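S.K.: Mind folding the following:
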Amino acid sequence: MTIRRVTVYAASSQALEPHYISAAERLGRCLAEAGIAIAYGGGSQGLMGAMADSALAAGGDVHGVIPEFLTHVEKGHQGLTSLDVVDTMHTRKARMLDGSNAVIALPGGCGTFEELFEVMTLKRLAQFLGPIVLVNTRGYYNELLSFLGHSVRERFMNKVHLDMWQSVDEPEQVIEALGMAPRWSQDHLGQASVKPV
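M.R.: Numbers count the residues shown, from 1 in each chain. I've put the predicted structure just below:
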């Protein structure tokens, strides 16, 4: 699969440690330099803004999608290639994924978790087939990844579902991870449910 456009999930928090900001900036730059277009939540603050600013500075193609009610909270980025103001969070999430070949999750809070779990569910049901890569800055996602493994061990998911995502320590590893992700197809729908052994 050729990756031409990715959806990036990221925090809007303005109270983050510098290493998170740095990772977001480096991701934006790496994607832009690889010629990969970006769709994201459209904010100008936190990791969203840092990633978008860096990608734009490197000549990247960056498209934001933000619900109207959040334009003053997350402060819609006015320097993007395009900024789509929509009516609901549901529309935002669908529009962000539309036309994307892959998903990348930077660290984030419950909004990022919700987006990430939705795309994992879509992939489990073979409605989204692209790679999902978590940027695990300083082990941010370690406990989540451990819990997902626990879910498989307790048979709420099949072992094959552990192939739905990859985790990298550094943003510079994302491009390689996108290319190395296990292939996913419509055939995986048959493994969506967990059956007795």
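S.K.: hey, where'd the helices end up in the chain?
M.R.: 18-33, 46-57, 89-97, 110-124, 142-153, 174-180 (DSSP state H).
S.K.: and of the ones you listed, who's closest to residue 193?
M.R.: Nearest to residue 193 among these is helix 110-124 (9.5 Å), distances taken as CB to CB. All C-beta atoms are positioned from the backbone trio N, CA, C, and that covers glycine.
S.K.: Which positions within the closest one qualify as buried?
M.R.: 111, 112, 115, 116, 118, 119, 120, 122, 123, 124 (16 or more other CB atoms under 10 Å).
S.K.: returning to what we had before: take the helices of the chain and lay them out in TSV including distance to residue 11 and mean pLDDT.
M.R.: Below are the helices of the chain laid out as TSV (distance: least, CB to CB, whole Å; pLDDT from 0 to 100):
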stretch	distance to residue 11	mean pLDDT
helix 18-33	8	98
helix 46-57	5	97
helix 89-97	15	96
helix 110-124	6	97
helix 142-153	14	98
helix 174-180	17	97
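S.K.: hmm, back to that, what is the nearest of the buried residues of helix 110-124 to residue 26?
M.R.: residue 112 (17.8 Å).
S.K.: Report the spatially nearest residue to the closest one, omitting neighbours in sequence.
M.R.: residue 9 (4.7 Å; CB to CB, 6 or more residues apart in numbering).
S.K.: go on, residue 123?
M.R.: residue 164 is the one closest to residue 123 (CB to CB, 6+ apart), at 4.9 Å.
S.K.: Need the max-distance pair from the buried residues of helix 110-124.
M.R.: 111 and 124 (20.5 Å).
S.K.: Relative to residue 105, how far out is the nearest residue to residue 163 once chain neighbours are set aside?
M.R.: What sits nearest to residue 163 in space, not counting adjacent residues and going by CB to CB, 6+ apart, is residue 182, at 4.4 Å. Distance from residue 182 to residue 105, counting by CB to CB, to the nearest Å: 17 Å.
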